[in-house]
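> quick one, what's the 3D model for this:
(one chain, ligands or ions: 2)
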Amino acid sequence: MSFKVVCKDIGDTEKLAQKFAAIVKDTGAFVCLFGEVGAGKTAFTKLVCKYLDVREKVTSPSFVILNEYKTGVIPVYHFDLYRLENEGIHTIINELEEYSEGKILTLIEWAEFSQNALPFDRIEVQINYIDENKREFIFTPFETKSNEIVKRLEDENSCF
Ligand SMILES: Nc1ncnc2c1ncn2[C@@H]1O[C@H](COP(=O)(O)OP(=O)(O)OP(=O)(O)O)[C@@H](O)[C@H]1O
Ligand SMILES: [Mg+2]
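Ligands and ions are numbered 1, 2, ... in the order given. Coordinates of the predicted model:
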């Protein structure tokens, strides 16, 4: 079951990110972020990192593919696959699976290519641009651990 929420401004997105961080700090998660340029994939990542107490600067890792943040309460791996060519993708698929295990948070921007290649427990987050300040977030879990996380997020968000 997907969980859908509209954030009327960046403040709402921050509250959502805070709740998400509070859950995944105990569980870890593997998150694929979908949405057009400027949707808010990096903005959401930054805010989740803020509430995991990450002290490094969080920026889109477009040129390096992966940024690692080690100062927060759990390790965070932030991928941006936008610049990865098709053959490059195949070389990292197996590696990506390792980032889906354990109490770590992995966030992947531009994971579009990989939808059929990522069979493991993950949360897909679709971010839709509504207007300058408003975004729709749709969280879809695949498999047990992700189901639990999205369910908790939905429960905690009922007082939004
Ligand atoms: N409710 C909102 N939620 C998230 N971002 C918002 C919201 N309202 C405005 N914004 C702004 O939208 C912009 C989103 O840019 P961001 O870099 O996060 O997009 P992106 O999806 O990572 O794009 P790219 O594909 O280029 O990496 C930011 O400047 C952010 O402040
Ligand atoms: Mg980005």
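> where along the protein do the helices fall?
Secondary structure of the chain (DSSP state H): helices at 10-27, 41-51, 86-98, 144-156.
> which parts of the third one are buried?
It stands for helix 86-98. Under the neighbour-count criterion of 16 or more other CB atoms under 10 Å, helix 86-98 has 92, 96 buried. (Each C-beta comes from the backbone N, C-alpha and C, glycine too.)
> from Phe137, how far out is Gly35?
9 Å (CB to CB, to the nearest Å).
> between those two, which has more neighbouring residues?
Phe137 (24 against 21; other CB atoms under 10 Å).
> excluding chain neighbours, what is closest to the more buried one?
The shortest distance from Phe137 to any non-neighbouring residue, by CB to CB, 6 or more residues apart in numbering, is to Val5 (5.2 Å).
> and Ser100, by the same measure?
Nearest residue to Ser100, sequence neighbours excluded (CB to CB, 6+ apart): Phe30, at 4.0 Å.
> hey, what's the one you found bridged with?
Per DSSP bridges, the residues bridged to Phe30 are Thr106.
> for the residue nearest to Phe137, give me its contacts.
Going by CB atoms under 8 Å, 6 or more residues apart in numbering, Val5 touches 16, 136-137, 157, 160.
> please pick the buried ones from the residues you listed.
Buried members of the contacts of Val5, scored by 16+ other CB under 10 Å, are 16, 137.
> min pLDDT across the contacts of Val5, which one?
Lowest pLDDT among the contacts of Val5: Phe160, with 51.
> in this protein, which residue sits nearest ligand 2?
Residue nearest to ligand 2 within the chain: Thr42 (3.3 Å; CB to the ion).
> surely Leu81 meets Leu118?
No. Between Leu81 and Leu118 there is no contact under CB atoms under 8 Å: 11.0 Å.
> which parts of this structure sit against ligand 2?
Counting by CB under 5 Å from the ion, the chain comes close to ligand 2 at 41-42, 60, 109.
> of these, which is the most crowded?
Lys41 (26 neighbours).
> so who does that residue touch?
Contacts for Lys41 (CB under 8 Å, 6+ apart) come out as 33-35, 109-110, 127.
> not counting its neighbours along the chain, what's nearest Leu96?
Leu118 (7.0 Å).
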